[in-house]
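Visitor: one predicted model, sequence on top.
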Amino acid sequence: TQLLEQSPQFLSIQEGENLTVYCNSSSVFSSLQWYRQEPGEGPVLLVTVVTGGEVKKLKRLTFQFGDARKDSSLHITAAQPGDTGLYLCAGASYNFNKFYFGSGTKLNVKP
Amino acid sequence: GAVVSQHPSWVICKSGTSVKIECRSLDFQATTMFWYRQFPKQSLMLMATSNEGSKATYEQGVEKDKFLINHASLTLSTLTVTSAHPEDSSFYICSARGGGWGEKLFFGSGTQLSVL
């Protein structure tokens, strides 16, 4: 059972399209992180959001943390083939002693 | 960011043998290390959390006698898969936090274990 559910599980889009990935939970987290993972490699941190309602932008990527700190979204504008990968959200427990990962979203951007 | 080194990158072993995977924080002291398991095209499942100098805390359903974790120093944690079976074949990833990096996690590059 995943503590964090991501949707959609799979997404295949054309280059230039926009997309949003959602990360939802019934639990409250002290912070939430988004990662991207390439096959055969460890996840790479994209961003950490801490405050409820917080919005962070990283070039074409926009991350939002829900007001109640239970959910988050990742929006990619004008997707590029280089954005292809497995996107994972991860929630941190209040003492930062545990990090639980979402179910993952496999994104494929076709040129 | 900080660097976490994981070795080996891949290992093939016979059923019944034991395999040790190392996770090292190269440029910071990792007060906490996490071990995850990942099946193809799936997310990371937390197996256990280890704090330096104390016993690891295992997640529900993870056999501690099967997956031995040792965190003897602030820069090294090891995961030993004992008496490996084909169903233990998976991608194992470690991560570490500490050294003033707050809640940030740094990941190793993973170990692909194949048990024949």
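Guide: All right, it came through fine.
Visitor: beta-bridge partners for the residue nearest to B:Met45 when sequence neighbours are not counted, please?
Guide: Closest residue in space to B:Met45, ignoring its immediate chain neighbours: B:Arg37 at 5.1 Å, by C-beta to C-beta, 6 or more residues apart in numbering or on different chains. For the C-beta atoms, the positions are set from N, CA and C on the backbone; glycine is no exception. B:Arg37 forms beta bridges with B:Met45, B:Tyr92, as assigned by DSSP bridges.
Visitor: what pLDDT does the model give B:Arg37?
Guide: Looking at B:Arg37, its pLDDT stands at 95.
Visitor: distance check, it against A:Pro111.
Guide: B:Arg37 is 33 Å from A:Pro111, where distance means C-beta to C-beta, to the nearest Å.
Visitor: check A:Thr105 too.
Guide: 20 Å.
Visitor: so the two - more neighbours on which side?
Guide: Each of A:Thr105 and A:Pro111 has its neighbours counted (other C-beta atoms under 10 Å in any protein chain shown); A:Thr105 has more, 23 against 8.
Visitor: which ones are touching the one residue in chain B that gets nearest to chain A?
Guide: Among the residues of chain B, B:Phe107 lies closest to chain A, at 3.4 Å counting by C-beta to the nearest C-beta. Applying C-beta atoms under 8 Å, 6 or more residues apart in numbering or on different chains to B:Phe107 gives the contacts A:Gly42, A:Pro43, A:Val44, B:Val4, B:Ile93, B:Cys94, B:Ser95.
Visitor: and the third one, how many neighbours?
Guide: For A:Val44, the tally of surrounding residues (other C-beta under 10 Å) stands at 14.
Visitor: quick check: closest non-adjacent residue to it.
Guide: Per C-beta to C-beta, 6+ apart, closest to A:Val44 is A:Arg36, 5.6 Å.
Visitor: surely that neighbour and A:Leu86 touch.
Guide: Yes. Using C-beta atoms under 8 Å, A:Arg36 is in contact with A:Leu86, at 7.0 Å.
Visitor: tell me the confidence at A:Gly82?
Guide: For A:Gly82, pLDDT reads 94.
Visitor: hang on, it in a strand?
Guide: No. According to DSSP: H, G, I helix; E, B strand; the rest coil, A:Gly82 belongs to no strand; its state is helix.
Visitor: for it, which non-adjacent residue is closest in space?
Guide: Among residues not flanking A:Gly82 along the chain, A:Val109 sits closest, at 7.8 Å (C-beta to C-beta, 6+ apart).
Visitor: re earlier: give me the contact list for the one helix or strand the residue nearest to A:Val44 maps to.
Guide: Using DSSP states H and E, A:Arg36 falls within strand A:31-37. Outside strand A:31-37, the residues that touch it by C-beta under 8 Å, 6+ apart are A:23, A:43-50, A:63, A:65, A:69, A:72, A:74, A:85-92, A:96, A:99, B:103, B:105.
Visitor: whichever of the residues you listed end up buried, select them in ChimeraX.
Guide: Per 16 or more other C-beta atoms under 10 Å in any protein chain shown, the buried members of the contacts of strand A:31-37 correspond to this ChimeraX selection:
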select /A:23,43,45,46,47,48,49,50,63,65,69,72,74,85,86,87,88,89,90,91,92,99 /B:105
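Visitor: please flag which of the contacts of strand A:31-37 sit within strands.
Guide: If you go by DSSP state E, the contacts of strand A:31-37 have A:23, A:44-49, A:63, A:65, A:72, A:74, A:85-92, A:99 in strands.
Visitor: how close does A:Asp83 get to chain B?
Guide: A:Asp83 sits 17 Å away from chain B, going by C-beta to the nearest C-beta, to the nearest Å.
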